[in-house]
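>>> this is a predicted model, with the sequence first.
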Amino acid sequence: QVQLVESGGGLVQAGGSLRLSCAASGRTGRTFSRYGMGWFRQAPGKEREVVAAINWSGDTTYYTDSLKARFTISRDNARNTVYLQMNSLKPEDTAVYYCAASNLWYATTTAAYEYWGQGTQVTVSS
């Protein structure tokens with residue numbers, strides 16, 4: 001079992017930046033570096049959508065096309081942490097952002113993720 005705790009959310013004005021962090025812990029039988037990791041978001045009344053994903057080593061990433069120019073996913077396996085740098089934020093980025101871990105070394109779909117954090121709220125004011 002993997003426990004994931006997100007942090008770094010909050011209220012920011014349009015055009016601002018935030019960096020989300022997700023710390024992993026737990027007796028998994030696997031090291032953190034063996035998990036594919038992803039960030040997802042869910043806005044009120046909408047389905048959860050993938051934001052970005054990163055493979056086990058950090059050298060392969062995936063982004064939803066509309067976010068590619070503004071968001072960056074990264075990971076630090078020594079710290080058991082994955083990050084999401086969000087720049088030039090827009091009001092439509094307002095959502096709860098979730099971190100997730102997959103038993104696959106790399107996964108880009110919601111269904112492939114088994115472990116989820118509780119989420120962190122990001123609110124972008126206009």
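Structure's in. What do you need?

>>> run the chain-centre distance for the helix or strand containing Val124.
Taking DSSP states H and E as the criterion, Val124 maps to strand 120-125. In terms of CA atoms, centre = their mean, to the nearest Å, the centre of strand 120-125 is set 14 Å apart from its chain centre.

>>> same question for stretch 31-50.
5 Å.

>>> tell me how many other residues crowd Arg41.
When counting by other CB atoms under 10 Å, one arrives at 22 neighbours for Arg41. Bear in mind the C-beta positions are built from the backbone N, C-alpha and C, glycine included.

>>> which residue sits closest to the most far-flung residue of the chain relative to its centre, ignoring its sequence neighbours?
Ranked by distance from the centre of the chain (CA atoms, centre = their mean), the top residue is Ser126, with 23.2 Å. Nearest residue to Ser126, sequence neighbours excluded (CB to CB, 6 or more residues apart in numbering): Pro91, at 4.8 Å.

>>> still on that earlier bit, quick one: strands adjacent to the strand holding Val124?
Partner strands for strand 120-125, per DSSP bridges, with pairing direction: strand 10-13 (parallel), strand 95-102 (antiparallel).

>>> would you give the sheet partners of the next helix or strand after the first one, along with the direction of each?
Read that as strand 10-13. Using DSSP H and E, the next helix or strand after strand 10-13 towards the C-terminus is strand 18-25. Partners of strand 18-25 in the sheet, by DSSP bridges, are strand 3-7 (antiparallel), strand 81-86 (antiparallel).
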